[in-house]
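Engineer: Sequence below, structure please.
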Amino acid sequence: MVIEQFEINDFFLLRFKKGDELAFEKIFKSNYNQIVGFCNQFISDLDKAKCLTQEVFLNLWLNREKIETVNGIRAFLYTFAKSSCLNYIRHQKIISKYEDKHLQEKEDELNREVLESFDFNSLEFSELEGLIQQAIDDLPQKCRQVFIMSRLDGKMNKEISGELNISVKAVEANITRALKTLKSKLSEYLPVILVQLIIHHIS
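Structural biologist: As a prediction, this is how the structure comes out:
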């Protein structure tokens, strides 16, 4: 299929949301191959990847009125594709073959792919990193310390408990508090879908 490149603007988005089939066709032609490749990368079954992609676009059409921004179209496509891939992996019982860790690695890869699909330039990515770092810096001291040891240093909850002389439950409570605070802080500046992906990636 030939990829048709075009620029989506607010007027085009409005046409699509109102049910313009020609607008939908342009979105389909411009993104179909990318979504097929995205799915196939993780399930290694081209025919199934094409089927999942058809479902992705069908759900985009059914949910078109919920798309609020131009970037929301690609966000929906990649996020729904990610969910479809994970559901397929679970359905095929790959968890039992490669264990839960393998599925988590796959999901982390998918999350990175989705974030990269937003095609941030270097300045935007630097700003994004700055927002995340500032949100972490603003955490209460103990909460920040536990969060950094857990998510950035990769230490187990029991290990953190021993080093800080606090209970494992206190460690878990601080991590939960940190993630909740980060979600709230980042939601002030970023689209909800990006916040969900970022929080999931570090949780």
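Engineer: make it CA atoms for all contacts and neighbour counts henceforth
Structural biologist: OK.
Engineer: Residue 56: neighbour count?
Structural biologist: When neighbours are defined as other CA atoms under 10 Å, residue 56 has 24 of them.
Engineer: just residue 180 next, same as before
Structural biologist: 12.
Engineer: Check the secondary structure at it for me.
Structural biologist: Using DSSP: H, G, I helix; E, B strand; the rest coil, the structure places residue 180 in helix.
Engineer: can you tell me how far it sits from residue 159?
Structural biologist: According to CA to CA, to the nearest Å, residue 180 stands 23 Å off from residue 159.
Engineer: what comes up buried for whatever helix or strand residue 79 lives in?
Structural biologist: Assessed by DSSP states H and E, residue 79 sits inside helix 71-91. Residues 73-82, 84-86, 88-89 are the ones in helix 71-91 that count as buried (16 or more other CA atoms under 10 Å).
Engineer: Show me what that helix is packed up against.
Structural biologist: On a contact count with 3 or more CA pairs under 8 Å, 6 or more residues apart in numbering; DSSP states H and E, helix 71-91 meets helix 21-43, helix 46-62, helix 94-116.
Engineer: Lowest average confidence across the ones you listed, which one?
Structural biologist: Sorting the helices and strands packed on helix 71-91 by mean pLDDT places helix 94-116 lowest, at a mean of 62.
Engineer: Tell me the spacing between the most far-flung residue of the chain relative to its centre and residue 158.
Structural biologist: Note on the chain: the largest C-alpha distance from the chain mean falls to residue 165, namely 34.9 Å (CA atoms, centre = their mean). For residue 165, the distance to residue 158 equals 10 Å [CA to CA].
Engineer: mind giving me the domain ranges of this structure?
Structural biologist: Here the domain assignment for the chain is 10-116, 122-202, based on automatic domain parsing.
Engineer: Report the separation between the residue nearest to residue 67 when sequence neighbours are not counted and residue 65.
Structural biologist: Once flanking residues are discounted, residue 67 sits nearest to residue 73: 6.6 Å by CA to CA, 6 or more residues apart in numbering. Distance of residue 73 to residue 65, given as CA to CA: 11 Å.
Engineer: Excluding chain neighbours, what is closest to residue 39?
Structural biologist: Closest to residue 39 by CA to CA, 6+ apart is residue 49, at 5.3 Å.
Engineer: count of residues packed around the one you found?
Structural biologist: Counted with other CA under 10 Å, residue 49 comes out at 24.
Engineer: isn't it right next to residue 36, touching?
Structural biologist: Yes: between residue 49 and residue 36 there is a contact under CA atoms under 8 Å: 5.5 Å.
Engineer: Please, which helix or strand holds residue 183?
Structural biologist: Assigned by DSSP H and E, residue 183 falls in helix 168-186.
Engineer: For that helix, enumerate the helices and strands it packs against.
Structural biologist: If you count contacts as 3+ CA pairs under 8 Å, 6+ apart, helix 168-186 packs onto helix 122-137, helix 141-147, helix 157-164, helix 192-202.
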